[in-house]
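**Q** when you get a sec, could you give me coordinates for this:
(chains A and B)
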Amino acid sequence: MDLTVGPNQFFWGAETWRDFYAELADEAPVDRVVLGELVCSKRLPFYQADIPGAVERLQAAGKRVALTSLALVTLKRERKLMAELFETGLEIEVNDLTALAHLPEGAAFGVGPLVNCYNEGTAAWLATRGAGRICLPPELPLTSVTAITAACPAPVEVWGWGRLPLAISGRCYHARLHDRAKDNCQFVCDTDPDGREVETLDGQPFLAVNGVQTLSAACANAAHQLGPLRNAGVSALRLSPQSAGFTAVCRDFRALADGRMSAAELSARNLPDAPGGAYCDGFLTGMSGVAWSQAG
Amino acid sequence: MELVCPAGTPAALRAAVAAGAHTVYCGYADDTNARNFPGLNFSRAEMEAAIAHAHAQCAKVLVAINTFPRAGDPGPWHAAVADAAAAGADAVILADTGLLAHTAEHHPDLRRHLSVQAAAANPDAINFHAEAFGVKRVVLPRVLSVQEITAINREIDVETEVFVFGGLCVMAEGRCSLSSYATGQSPNMNGVCSPASHVAYDEDADGTLSARLGGFTIHRSARGEPAPYPTLCKGCFTSNARTGYVFEDPTSLDASQLIPQLAKAGVSALKIEGRQRSRAYVAKVVRAFRAATDALAAGRPIPPGTLAALTEGQSATTGAYAKTWR
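**A** Below is the predicted model of the structure:
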């Protein structure tokens, strides 16, 4: 089972960003890293200049590297950004089909979890088009994962760890919570390095707001589903960055995949730093996404 | 300007046509369409009869097959496309990439519209779907302003259809799994959002009504206050001690006053949401919007809103079109 680190979903300062990828390169036993801006194009200028250095360091450490597209492309400058991605010569992970419009003939690409690949028909079409790997939408149940993996010529990856990307919008909820318009957000999402928690009226943690993105409050954790995912033919787990303890998460998933650590131990060790302090894995096998298979 | 109206039942379809709908959209009674609610939608025989009825009145019928086929079980979706073609549907409304490819290959003469659930929000995405799958019309996501729609229409060769009235997604459509996170049922996979089967109400001693969805309390209203349906993205939440509608107020879309601007923006068709609505509702809304499109065609001003009482939670917004939140 390979491990892929997904693009950081949150807005971190440039120094934090640099340190995170330096540590990842030097210390995290992962096979592949996808980086770049997924959520909001306005964040990119703050760390764009640091991307080439991070790519170089990750590659030097033997990791395969891909750049992500944006998840929702509307503005002209965002379309231009998508076109420029392919000029880097790196593998691109498409998270909005808009990026495919700019794909040079024959160029390899990856498909990210925010592309609606719900079935083997779509997976086959994407593979024919040149998709070298596909990370499935986190919403899919294990039965769908199994059916797609069985029919898909490209390696299939599944969401393994991190707050779940549940929705993307044209509106910025961070700005709305601060009574600001999106165009005058003053980059207020940088105050919540793992997203801003949203509770129900009973005070139950439920969702997390991250600019234009809405995430689960709970941290998805597929550790206890490793056996079924492996049996289904899934070839990689995606680990989504968090502000603290992420290298430990990577190490423990490596140990889990190598049979050196139990899922229970992984879950217990990493709970203190898991965003939201609670787990879910219900999209794979539960009644709803928020469900946790190990709940008492 | 073409008026595209909803029909959840054959009776609603006849009511919409009688009220002046140029076009009606509807779906089969299964999870191939995004309004898969109990008691709604069309059997095969009903669809054939409905299309014959509409065509006799010079109205068109679009069949929505706009959920994402279940992995390992594409049969119902492929059958829906084949049956819509055989029944004489004027077009199918599709969202899934694989189903678009299948339809383009196996039913090349069946006109294909790109569902709003495909969330094609810019000219590149729209042109890509036109080139790859021969899509002739795209239903635009409700995240765009009139200005942005104008710019899009300058760069594409296919028709655009926009929502002007009814329920309002605040997330990019087709890219939201909030509902299945809380309930296990989602628009993409099951054709439902915040399903009624997962809604529960509690009334406490002072008459406060709490609405729960999948066990999560997302709305409270005092005695006598309106209690809007607990749709997740319009729920009431708390974040850092601040309680309110974090995503959107319980509001619905009314862009009737923007029809002239939308026409100027190059929009071909106006769409009314509400296949789950009653025949009487559909007739009333269609009549009002037909009066508006007739006024537009005659160069008269759009009659002022008479539909306020029909909007969800008694409040209406022009949504992203005027983009007050940008």
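**Q** three-state assignment of the closest residue to chain B within the stretch 51-200 of chain A?
**A** Nearest residue of the stretch 51-200 of chain A to chain B: residue A:121, at 2.6 Å (CB to the nearest CB). Using the backbone N, CA and C atoms, a C-beta is placed for each residue, glycine as well. Secondary structure assignment for residue A:121 (DSSP: H, G, I helix; E, B strand; the rest coil): helix.
**Q** residue contacts, the nearest residue to residue A:294 once chain neighbours are set aside?
**A** Counting by CB to CB, 6 or more residues apart in numbering or on different chains, the nearest residue to residue A:294 once its immediate chain neighbours are dropped is residue A:224, at 6.0 Å. Residues in contact with residue A:224 (CB atoms under 8 Å, 6 or more residues apart in numbering or on different chains) are A:263, A:264, A:267, A:281, A:293, A:294.
**Q** which element is the nearest residue to residue B:88 once chain neighbours are set aside on?
**A** Excluding its sequence neighbours, the residue lying closest to residue B:88 (CB to CB, 6+ apart) is residue B:51, at 5.0 Å. Using DSSP states H and E, residue B:51 sits in helix B:44-56.
**Q** what does the stretch 151-296 of chain A have sitting close to chain B?
**A** Residues of the stretch 151-296 of chain A found near chain B (CB under 8 Å from any CB of the partner chain) are A:164, A:166-171, A:173, A:176-177, A:181-183, A:196-204, A:206-207, A:209, A:214, A:216, A:282-283, A:286-290.
**Q** among the residues you listed, which lie within helices?
**A** Applying DSSP state H to those, the entries found in helices are A:173, A:176, A:177, A:282, A:283.
**Q** how many neighbours does the last one have?
**A** Looking back up the chat, that one is residue A:283. Neighbours of residue A:283 under the rule other CB atoms under 10 Å in any protein chain shown: 29.
**Q** between the two ends of stretch A:81-93, how far is it?
**A** Taking CA to CA, to the nearest Å, stretch A:81-93 runs 14 Å from one end to the other.
**Q** distance from the chain centre to that stretch, please.
**A** From the chain centre to the centre of stretch A:81-93 is a distance of 18 Å (CA atoms, centre = their mean, to the nearest Å).
**Q** closest residue of chain B to chain A?
**A** residue B:98 (2.6 Å).
**Q** now the phi/psi pair for residue A:129, please.
**A** According to degrees, to the nearest 10, the main-chain angles of residue A:129 amount to phi -80, psi -10.
**Q** ok, now the one 4 residues further on?
**A** Torsion angles at residue A:133 (phi, psi; degrees, to the nearest 10) stand at phi -160, psi 150.
**Q** which pLDDT value belongs to it?
**A** Here, the pLDDT recorded for residue A:133 equals 97.
**Q** swap in residue B:168?
**A** On pLDDT, residue B:168 comes in at 84.
**Q** coming back round to it: which of the residues of the stretch 151-296 of chain A next to chain B are buried?
**A** Among those, the ones that count as buried by 16 or more other CB atoms under 10 Å in any protein chain shown are A:164, A:166-171, A:173, A:176-177, A:182, A:196-201, A:206-207, A:209, A:214, A:216, A:282-283, A:286, A:288-290.
**Q** if we can go back for a sec, count of neighbours near the residue nearest to residue B:88?
**A** By other CB under 10 Å, 23 other residues sit near residue B:51.
**Q** repeat for residue B:297
**A** Applying other CB under 10 Å, we find 10 residues neighbouring residue B:297.
**Q** quick check: mean pLDDT of whichever strand or helix holds it?
**A** Assessed by DSSP H and E, residue B:297 sits inside helix B:279-298. Rounded to a whole number, the mean pLDDT of helix B:279-298 is 94.
**Q** could you identify the helix or strand that succeeds it?
**A** strand B:316-317.
**Q** given that next one, what are its sheet partners and their directions?
**A** Applying DSSP bridges, strand B:316-317 is found paired with strand B:252-254 (parallel).
**Q** the biggest helix by length in chain A: how far from the chain's middle?
**A** Longest helix of chain A, by residue count under DSSP H: helix A:14-27. Helix A:14-27 has its C-alpha centroid displaced from the chain centroid by 17 Å (CA atoms, centre = their mean).
**Q** in that helix, what counts as buried?
**A** Across helix A:14-27, burial judged by 16+ other CB under 10 Å covers A:16, A:17, A:18, A:20, A:21, A:22, A:24, A:25.
**Q** mind giving me the packing neighbours of the next helix or strand after that helix?
**A** Using DSSP H and E, the next helix or strand after helix A:14-27 towards the C-terminus is strand A:32-35. Packing contacts for strand A:32-35, counted by 3 or more CB pairs under 8 Å, 6 or more residues apart in numbering or on different chains; DSSP states H and E, involve strand A:2-5, helix A:14-27, helix A:51-60, strand A:64-68.
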